[in-house]
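Participant: Predicted model and sequence below, questions to follow.
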Amino acid sequence: MNRSASPASLIGRVVIPLLLIALVVGPVAVVFLATVIGPWVVGVVNSNLGILRFVLAIAGVLLFSIPAAFIIIYMELKVIAYMNLRVGPNRVLPAGAAHSVVAGLKVLTKEDFTPNGADRIVFTWSPVLVFLTAVMTFMVVPFGPGLVGAPLNIGLLYLFAVGGMSVVGLLLAGWSSFNKYSLLGGLRSAAQVVSYEIPLTLSVVGLILLAGTLSIDSIGRQQAGWVWDWFVFRQPLGALIFFIAGVAEANRTPFDLTEADSEIVAGFATEYSGMRFGFLFFAEYVNVFIMSALIVTMFFGAWNAPVDVNWLLRLVGVGPLSINLDPGQLGSSLMAAAAVVPLLATLILAAPVYLLRRHRPAWQALLAGFLLLNLLVLGVIGLAAYMDWDWVAGLVWFMLKSFVFVFVFVWMRATFPRVRIDQLMGFAWKWLLPAALLNLFVTAFAIVLIKSAGIN
Amino acid sequence: MTTQAEPSQHRSEDDPRIMLHGQMGQYEQVPPYPPRTEREAEFYTLGDGEMFLNMGPQHPSTHGVLRVVLKISGEKVVDLDPVLGYLHRGVEKLCENSDYHHIISQIDPLEYVSSLFMEWAPVMAFEQLMDVQVPRRAEYIRVLTGELLRVASHALFQGWMALDLGGLTPILYSFIERDEIVEALAALTGQRMLFNYFRVGGVNGDLNHEFLSRVGDWMSRALVEHEANIGLLNENEIFVRRMRGIGRVDRDTALRMGVTGPNIRAAGVPFDVRRSHPYSVYPELEFNVPVRGANGGGDSLDRYLLRLDEVRESIRIIDQCLHEMPDGPVMARLPRLMRPRPGRAWAAVESPRGLFGTYVISDGTDQPFRFRIHDPSFVHLQLVGMLMKDNLIADTMAVMASLDPVMGGIDK
Amino acid sequence: MDRTLKTRLEARLADRLAGPIRQRHDGTEIRIRPADMVEVMRVLHDDADLDFAILADLCGVDTGETMQVVYHLWSSKTPDWLRIVAEGMPREDPRIATLTGLWPGAEWMEREAYDMFGIIFEGNRDLRRIYMPPDYASFPLRKDFYLADDAARSPGGGVRHMERTSPPVQATPGSVRRTVRP
């Protein structure tokens, strides 16, 4: 190569013209953006704030659903392992905490296999449909006061409409796989989900009569206060039916006929591999979380704490707290305190650690003290936030209660055998449906009676 | 499905570089040969709205490599055809070509969950051929280890039963129970699964301290643990309802179908080889032969519960064996190379699955001329086809698991 | 040994027995002709004194000269196992009637005997191979079946097959190397 032919290197020959262009174009573009596009974008955003909020909510929900599924999968592995007197996952991170994440990554790397004879388009898109319907129901679930993707007035209606759509995905997945096990699984899921949709919906109608609204957010708000204000105590039968039908809707043990491994291998998921299987798998666990969340929202006080915090505070003599600190108003002594207190606190907290056990190096004690201080500060800040920000407290309570129900789902999986298809259908039509209707009529009658008696 | 007139080449959709014979989605008819028997022709003709479901040979709940072709109409099983041979190793031929001592280890892995019984029957047959008197201590040791293994086998059955019905947990509890027994036997025999412990004329080695301490430890809580383990299933409404009334076998059918073991006792026939044709020291031991389903025949639940009853009886026998174990040698004096005189011998033992028998013909050499193995699971599997008609697919598992077949024994 | 069983059997089956009744240990053995098999079995099963209710085993035997089918029965009326040997079938075309009329459970055992010995059980509704693949041609438990590595020669025979320098004698189909007196 003749390197002396050109004084500038190849990079130079490209970069220098680009720099020149940038020098010219940059200011022009900035001016253009500031004068023409910027206002236009702001205008569009302002006029479509609802849509933007919706899109952000969808993104948030999508981003939330994956970790939630990971946590539930890990929980299922570990909890069932302990119930089986096994150890369970214990390789990735302490106690195998990242096991499900790694398993998810593994699923991504698997071959995406399509069997001969499958209906390719349907086969490809049905897992997406299943997953999307699962995630879309998240949109109306309030995670805390005001923390809801789309505060629809007809939230419950939307919920059942979208939730019922998942059966289409399962049926298509089963049908398009060109496999008899898949077909049986798909048909089973169609029969099962459609049958249990009815008691599931009817069990909530009593609640709707009581609450007088279809908005899930509003149903949550009405349960504020003490634990006995939760709807479960006014609708015990409804709650029970909703829970049972919810288990069936989520295709979980003892109603996991659609993927009964000892009968039809893996049901509709038999032929799926790679991320398509991952979608079906995630959808199952997202469904578990949604069912738990819905039970909590409708019957177990939504995001409300079981105790009336404000009442307690008033009892102690403190009104609802609100902390308003302005850093600008801090005096010099406070500034000094801010500099000295952490050091002192670290030393004080480190002292017992150092004294309690001999031969412990001082740096370890100091580190422990520092960590303890951080925890303490975090706790104080969290408490303050809890007092001040309703939605943080709501989120904490909501998650706590939801995961209690997730645990119940997992517990049932470790305990129960599977029911048979005729028992499943018979239970839905002969027991749950009449019970749901009875619940509805009794509730309606009671409401009319109370109203006519003029109580409340 | 239509048959292709002439095979033409098509590009695979997954990898277009690959050429396939025949168009995608078109497969050969089942079976790919003209039906050989009347029954096969009848089975492989589909009625209106029926389809075949090929279950196995790799299927989670066929207890090994069994293939069952189900003819189903919706969820209902119209008919089924078990196809064997995926695990066939020709054990009878192997045994006819090994000498008498080798046979014990050849036949060991037949029913891998209760392998001592697989050794017991041929050993008894050879002893008849050789006219050997087995020392009493050896007989007691045989009964002791055999009954221990019966408990282990039934414990495993209970777990598999639950697993086939979708329960995850009992199988692990069963394995804990089985493991304690198997570890004890491993201390005695040196192996955990295929013990290779019985010998012609006795057993291979006397009881040792570790075995006895392990067995003693286990016996001190065997019944309590057994009751605790079965509580999870027996008090489960779903489990009981899945089993009750399914796969009912009445007394006459059981006799005509050649059923033996717990399955025939669950049908109301008190046939137990240990009592009906006593061998070893069973006449000296006290135990009951539990019978269920005396009126109207037994269903899957009866078969399940009967095995639990048997575990209690086995624990009784183990207790008696431990208390009445005589002193003495554990092997009879025998030549190293056995050449029994020409003759025939049949010996049968009560294995956890039923009557396990061997028929041996000796021609005077050191190898048997004919060595026949009769496995109870093989006979019991025939019942599935009869019991499954007009039941649901899910019941196939409940019935098949309750008959407790082990494919190693069926396929020989 | 149950002496009374011998007299009972002789009384019931006198003309159908093809040989003397032999008794040894806990077994009694009778020999019959294949053509009489079903009738003998019916007598054994239905007769109130004999009452052999349980078919313990059914197997084929190739003695090298003839084919046998051997049945083992159990009855509550005797402490002995009863062995019925239906003997004298030609090796070229062994045929016997099926037992599935009496014991339907014999179906698979007959299929196995067919699969292993080629014994044709006339009347069995499903007489096809049970272990070997459907297109398999020979019958593996026959004595003229050629074992490829000839593991058959035992250490007791004087030569260890693993140490042999020359290949074993080629077995041609039809050549029987071991026989037993039927």
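Facilitator: Now that the structure is in, tell me what you want to look at.
Participant: Just the element for residue C:142, please.
Facilitator: Assessed by DSSP states H and E, residue C:142 sits outside every helix and strand.
Participant: where in chain C is pLDDT low?
Facilitator: Residue ranges of chain C with pLDDT under 70: C:146-182.
Participant: which parts of the stretch 201-350 of chain B sit against chain C?
Facilitator: Counting by CB under 8 Å from any CB of the partner chain, the stretch 201-350 of chain B comes close to chain C at B:255-260, B:271, B:276-277, B:337, B:339, B:342-346, B:348. The way it works is simple: take the backbone N, C-alpha and C, and place the C-beta from them, glycine included.
Participant: Mind checking which of these are in strands?
Facilitator: Within those, residues falling in strands by DSSP state E are B:343, B:344, B:345, B:346, B:348.
Participant: Of those residues, which is the nearest to chain A?
Facilitator: residue B:348 (32.7 Å; CB to the nearest CB).
Participant: Helices of the stretch 151-300 of chain B, start to end?
Facilitator: Secondary structure of the stretch 151-300 of chain B by DSSP state H, counting those that start in this stretch: the helices cover B:170-189, B:209-219, B:222-234, B:237-243, B:251-256, B:262-265, B:273-276, B:300-324.
Participant: could I get these as a markdown table with mean pLDDT?
Facilitator: What follows is those, written out as a markdown table (pLDDT from 0 to 100):
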| stretch | mean pLDDT |
| --- | --- |
| helix B:170-189 | 90 |
| helix B:209-219 | 92 |
| helix B:222-234 | 84 |
| helix B:237-243 | 87 |
| helix B:251-256 | 88 |
| helix B:262-265 | 90 |
| helix B:273-276 | 89 |
| helix B:300-324 | 91 |
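Participant: Throw those into a markdown table and include mean neighbour count, thanks.
Facilitator: Below are these laid out as a markdown table (neighbours: other CB atoms under 10 Å in any protein chain shown):
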| stretch | mean neighbour count |
| --- | --- |
| helix B:170-189 | 20 |
| helix B:209-219 | 15 |
| helix B:222-234 | 16 |
| helix B:237-243 | 20 |
| helix B:251-256 | 18 |
| helix B:262-265 | 29 |
| helix B:273-276 | 19 |
| helix B:300-324 | 21 |
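Participant: Format those as CSV; extra columns: distance to residue B:408.
Facilitator: Output for the helices of the stretch 151-300 of chain B, formatted as CSV (distance: least, CB to CB, whole Å):
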stretch, distance to residue B:408
helix B:170-189, 16
helix B:209-219, 25
helix B:222-234, 25
helix B:237-243, 25
helix B:251-256, 24
helix B:262-265, 18
helix B:273-276, 21
helix B:300-324, 19
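Participant: Tell me which of those helices sits nearest to residue B:35.
Facilitator: In terms of CB to CB, the element of the helices of the stretch 151-300 of chain B nearest to residue B:35 is helix B:251-256, at 26.0 Å.
Participant: what packs against the closest one?
Facilitator: Judged by 3 or more CB pairs under 8 Å, 6 or more residues apart in numbering or on different chains; DSSP states H and E, helix B:251-256 is in contact with helix B:262-265.
Participant: For the lowest-mean-pLDDT helix or strand in chain A, which residues meet the burial criterion?
Facilitator: Within chain A, confidence by mean pLDDT, DSSP states H and E is lowest for helix A:309-316 among all helices and strands, at a mean of 73. Within helix A:309-316, no residue counts as buried by 16 or more other CB atoms under 10 Å in any protein chain shown.
Participant: In three-state terms, label the residue of chain C found nearest chain A for me.
Facilitator: Closest contact between chain C and chain A, by CB to the nearest CB, is at residue C:134 (22.6 Å). Judged by DSSP: H, G, I helix; E, B strand; the rest coil, the three-state class of residue C:134 is coil.
Participant: can you check residue C:67 too?
Facilitator: Once three-state DSSP is applied, residue C:67 turns out strand.
Participant: Burial check on it, number of neighbours?
Facilitator: Residues within reach of residue C:67, counting by other CB atoms under 10 Å in any protein chain shown, total 27.
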